[in-house]
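In: below is the sequence, then the predicted model.
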Amino acid sequence: MNKEEAKKKFAGWLGVYYPDFEDRDKVVWHVQCLIDNLELEHKPVPLPQKVGLYVDAVKAESKDPVREVIIINWDYTNASEASAFSLGPKEENVLKLIDAYRYGWTPEPEKRFLLPMDGTRDDVGTGTKTLYARFLGSQDYWNTGWAYSNEEAIAYGFYVTQSDIDSAPAWVKAIKPVEVTEDDD
């Protein structure tokens, strides 16, 4: 049944069972608006990479959807291990896992961080610069770069992800990361 058929069926049903209902037209109009706003195509669910890979693993294990949904619900802790995903409301996140199983998932963008190095300010004629640690992924090594502000450091691409920091040398891990927010972009 498509949306138009559903709207007609509801209007007909209300007319048959409640022919004298005085607000019938208002109710039909409101229900038709609700039907128009239904999303019939489900989009992939954004999930942290580790959680999405867990859903894929459960799905690959068996072809019994009921069993898999039970596993996802029962094994929620494993699904959300080492992830901020576990901090959200359990019921809501379990439903996300089930939807990811049914409709697929896409990786959430990783949080980005700047690594300003304390005590490295340099006063130059045009202002004060700060030294930032940066990862040159294409060359797989860390070095530093100067910027006048966090915004300039972002523009220069000095931001890194948590996985970059996790695999970084000790001198980088010692730097306190500053999260880049959407407002900074």
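Out: Alright, I've got the coordinates.
In: the helices in the protein, which residues?
Out: 3-17, 24-36, 49-61, 65-74, 76-79, 90-103, 150-155, 162-166, 170-173 (DSSP state H).
In: find the residue at the geometric middle of this protein.
Out: Nearest residue to the geometric centre of the chain (Cα atoms, centre = their mean): Glu108, 3.8 Å.
In: what sits against that residue?
Out: By Cβ atoms under 8 Å, 6 or more residues apart in numbering, the contact set of Glu108 is 46-49. From N, CA and C alone the C-beta is placed, and that goes for glycine too.
In: okay, the residues you listed in TSV with distance to Glu61 and neighbour count next?
Out: Compiled in TSV, the contacts of Glu108 are given as follows (distance: Cβ to Cβ, whole Å; neighbours: other Cβ atoms under 10 Å):
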residue	distance to Glu61	neighbour count
Pro46	23	13
Leu47	18	25
Pro48	20	19
Gln49	19	14
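In: distance to His30 and pLDDT added to those residues, as CSV?
Out: Formatted as CSV, the contacts of Glu108 follow (distance: Cβ to Cβ, whole Å; pLDDT from 0 to 100):
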residue, distance to His30, pLDDT
Pro46, 31, 89
Leu47, 34, 85
Pro48, 38, 80
Gln49, 41, 80
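In: CSV please, covering those and showing distance to Ile175.
Out: Formatted as CSV, the contacts of Glu108 follow (distance: Cβ to Cβ, whole Å):
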residue, distance to Ile175
Pro46, 29
Leu47, 29
Pro48, 24
Gln49, 24
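In: fine by me, we can end here.
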